[in-house]
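>>> Show me the folded form of this:
(2 chains)
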Amino acid sequence: MNIAEYIASGHLEAYMLGALSETEVAEVLSMAAMYPEVAAELREMETVMERFALSLAKLPPATLEDKIWGRLPAAQGNIASETASVKRSNTIPFQPQYRKPAAWKYAAVVAGLGGSIALNAVLWMRNEHKNDDIAALTTKIKSAEQDQKIIAAVLNDYKKNKAMMSDTAMQTIVMHTVQPGHPMAATLYWSKTKGEAYVSADGLPTPPAGMQYQLWVMQNGKPVDMGVLPIDLAGTPGMQKVSKLVTDGQAFAISLEKQGGSISPTMQNIYVMGKVS
Amino acid sequence: MPDTEVLYNEEQLVLLLRQGSREGFNYLYRQYGAVLYGVINKIVYDEQSAEDVLQDAFVKIWNNIAQYDAAKGRLYTWMINIARNSAIDKLRSKGEIMKAKIQTGDEVVNNVQTGRKTELVTDAIGLHNMVAGLKRDYEVIVTLAYFKGYTLDEISKTLEIPLGTVKTRMRAAMQQLREIFDK
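Here you go, the predicted model:
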């Protein structure tokens, strides 16, 4: 069966509507990892189903939010607070994740959290003899500080990505799985003229202990070492700048090697590969 | 205090949730609570059950966020499916399995030709008007799969139509949904 027939069969719709068994679901996901047109079809359907779900939206009772927070395991011991910094909106946003937040919004969050910490400090001083309050506020400050760290990291990533993406010479090379039955993927962004490359290993499994992923570029049929990827890069949306300059190549591949990397790739351990178009 | 309505993308929200952040939870609830509640309400009808299921769904999202895999689909879809499956589980645990009703319907209309089956099932279990704008043949299939948790095989048996036809109709249904919601 060719891919067009597979897409037209209605099997992907059955997947989207939740009518497939676990085995069949795994099959669909591996097809999506192997064939970009299958993945694209699924993405389109996802959007349709999300809009359908959105059309059913109904506001839950306001009291539920705190009730649920109280039931969350990691939240145990957290004091349900007034969280004045959080504005509750009664509007149902349309496709919130399609909106790309501007950089200033992140800056506003960082600033806002800073303000929140300052306010907490004032409150803390006013209530210094109330031990319970102190404990609660300390927790809040810690949580706010942690949020701030995350958001600062996100802002930093965002700035980096923006600079990178605005480079018009940058091309995207999606590396697809070469291991049948194992849906995997990784992405390489390459500015050939500058020789700079960035790699994202979102779709790779965490490497087993003692092993590490290694990036290769194929130059005239020969694999050339482009360095090992940080162990914690796999499976996360993060991006890593490739340490070596790469000015030439026809394809990129990632293989699983012993920690520290190998001189040449272990052929049966090549996980993903993508041609330069 | 600035009154900023912050927007996170899915990647950032996942990061916040994995940190167990209250800000992450609040955002999650504000942005997705109504959609998840709407989907749940379509499956379990009474308000109290729907509220219980919404609570369960959020707890599951919170506990399983580490397992969410962006390669398999968007966070939004993942959450909708958790809510949907929680509601379908509730439906089954309450002994409200619609299949039972269909079985009864079967006995009554034993000799009716198969072409009318969709009509009968639709009427017997009250699937009508579940998905506004869809042709009746498609509506019943979408509803059985998406809101009742039927597999392809179960739909094929229930409606007495071949598996291939179920899939063809699913494709046509999605096409129609696309026309309705792609605006």
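>>> Wait, B:V44 touches B:S93, no?
No: the pair B:V44 / B:S93 is not scored as a contact, 10.3 Å apart, by CB atoms under 8 Å. C-betas here are computed from N, CA, C, even on glycine.
>>> which of the two has more neighbours?
When neighbours are counted by other CB atoms under 10 Å in any protein chain shown, B:V44 comes out ahead of the other of B:V44 and B:S93, with 23 against 9.
>>> gap between the more buried one and chain A?
When CB to the nearest CB, to the nearest Å is the yardstick, B:V44 and chain A sit 13 Å from each other.
>>> Check B:I180 too.
Remark: distance between B:I180 and chain A (CB to the nearest CB) = 8 Å.
>>> Three-state assignment for A:M273, please.
Following DSSP: H, G, I helix; E, B strand; the rest coil, A:M273 is assigned to strand.
>>> What strand or helix carries the residue nearest to it when sequence neighbours are not counted?
Using CB to CB, 6 or more residues apart in numbering or on different chains and skipping residues adjacent in sequence, the residue nearest A:M273 is A:A253, 4.1 Å away. A:A253 is part of strand A:251-258 when elements are defined by DSSP states H and E.
>>> hmm, who's touching that strand?
When contacts are taken as CB atoms under 8 Å, 6 or more residues apart in numbering or on different chains, the neighbours of strand A:251-258 outside the stretch itself are A:173, A:175, A:178, A:186, A:188, A:190, A:199, A:201, A:204, A:207, A:210-218, A:223, A:226, A:228-229, A:262, A:265-266, A:269-276.
>>> Now chain B against chain A: closest residue?
In chain B, no residue comes nearer to chain A than B:K167, which is 3.1 Å away by CB to the nearest CB.
>>> Just list whatever residues bridge to the residue nearest to A:M273.
For A:A253, the residues forming beta bridges with it (DSSP bridges) are A:W216, A:M273.
>>> where's it relative to chain B, distance?
For A:A253, the distance to chain B equals 18 Å [CB to the nearest CB].
>>> ok, back up a step: show me which positions of the strand holding A:A253 end up buried.
Buried residues in strand A:251-258, counted by 16 or more other CB atoms under 10 Å in any protein chain shown: A:A251, A:F252, A:A253, A:I254, A:S255, A:L256, A:E257.
>>> List just the nearest of those to A:D167.
For A:D167, the nearest member of the buried residues of strand A:251-258 is A:F252. The distance, counting by CB to CB, is 17.6 Å.
>>> How about that closest one, nearest residue that isn't a chain neighbour?
A:L188 (4.9 Å).
>>> State the phi and psi torsions of that neighbour.
Here is the backbone geometry of A:L188 (degrees, to the nearest 10): phi -120, psi 130.
>>> Can you list the helices and strands that the longest helix seen in chain B packs against?
Selection of the longest helix in chain B by residue count, based on DSSP state H, yields helix B:22-43. Secondary structure elements in contact with helix B:22-43, counted by 3 or more CB pairs under 8 Å, 6 or more residues apart in numbering or on different chains; DSSP states H and E, are helix A:36-55, helix A:64-71, helix A:131-165, helix B:10-18, helix B:47-64, helix B:75-93.
>>> next one: that helix to chain centre, how far?
In terms of CA atoms, centre = their mean, to the nearest Å, the gap separating the centre of helix B:22-43 from the centre of its chain is 14 Å.
>>> neighbours around the closest residue to B:K135 other than its chain neighbours, how many?
In this structure, B:K135 finds its nearest non-sequential neighbour in B:Q176, 6.6 Å apart by CB to CB, 6+ apart. B:Q176 is surrounded by 18 other residues when neighbours are defined as other CB under 10 Å.
>>> A:E50 now?
Residues contacting A:E50 under the criterion other CB under 10 Å number 19.
>>> For it, give me its contacts.
In this structure, A:E50 makes contact with A:Q95, B:R74, B:Y76, B:T77, B:I80, judged by CB under 8 Å, 6+ apart.
>>> Going by neighbour count, which of those comes out on top?
Across the contacts of A:E50, the neighbour count under other CB under 10 Å reaches its highest value at B:I80, namely 27 neighbours.
>>> Touching, it and A:A53? I think so.
Yes: using CB under 8 Å, B:I80 and A:A53 qualify as a contacting pair, with a distance of 5.1 Å.
>>> overlap in contacts of these two?
When contacts are counted by CB under 8 Å, 6+ apart, B:I80 and A:A53 have B:V35, B:V39 as shared neighbours.
>>> Low-confidence bits of chain A, can you list those?
By pLDDT under 70, the weakly predicted segments of chain A are A:1, A:74-134, A:165.
>>> so who does the residue in the stretch 151-277 of chain A that chain B sits nearest to touch?
Residue nearest to chain B within the stretch 151-277 of chain A: A:G203 (4.2 Å; CB to the nearest CB). With contacts defined as CB under 8 Å, 6+ apart, the neighbours of A:G203 are A:A33, A:P183, A:M184, A:A185, A:A186, A:G235, A:V272, B:A71.
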